[in-house]
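# what's the 3D shape of this:
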Amino acid sequence: MEKLIKKLEEQITFLQHESSQISSELYSQQKEIMYLKKEILNLNKKIEELDNGIESNIIKEDKKPPHY
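Reported below is the predicted structural model:
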């Protein structure tokens, strides 16, 4: 019986350790995901700004100069 209890205690200790490691890794991944989401938003803003700049240049190029 003592042997069984000892084995169960070892398994519990192992599982607690594993659970702690998984929790730590999950926290790290959540922080990275948050950072990457912010980066995506920033890149989307830059793309939108570039698109708007290109569109305004196209509109300017399509207009005839004032001497026509």
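# quick one: average confidence on stretch 5-17?
Averaging the model's pLDDT scores along stretch 5-17 yields 98.
# how far does that stretch sit from the chain's center?
On the basis of Cα atoms, centre = their mean, to the nearest Å, stretch 5-17 sits 35 Å off its chain's mean C-alpha point.
# Ok, stretch 38-48 next?
Its chain's C-alpha centre lies 13 Å from the corresponding centre of stretch 38-48 when counted by Cα atoms, centre = their mean.
# And stretch 15-32, by the same measure?
If you compare the mean C-alpha spot of stretch 15-32 with that of the full chain, they lie 17 Å apart, counting by Cα atoms, centre = their mean.
# same deal with stretch 39-49?
14 Å.
# Would you mind measuring from S24 to K31?
The spacing between S24 and K31, counted by Cβ to Cβ, to the nearest Å, is 11 Å. All C-beta atoms are positioned from the backbone trio N, CA, C, and that covers glycine.
# Which strand or helix spans K7?
Here K7 is covered by helix 2-62, with elements defined by DSSP states H and E.
# now that helix: how far from the chain's centre is it?
Its chain's C-alpha centre and that of helix 2-62 lie 4 Å apart, by Cα atoms, centre = their mean.
# where are the low-confidence patches of this protein?
Judged by pLDDT under 70, the chain has its weakly predicted residues at 57-68.
# roughly how far apart are N42 and E25?
When distances are taken as Cβ to Cβ, N42 and E25 turn out to be 26 Å apart.
# same check, this time on H17
The gap separating H17 from E25 is 13 Å, by Cβ to Cβ.
# Likewise for I33?
Relative to E25, I33 is positioned 12 Å away (criterion: Cβ to Cβ).
# Can you give me the distance of Q21 to E49?
Q21 sits 42 Å away from E49 when distances are taken as Cβ to Cβ.
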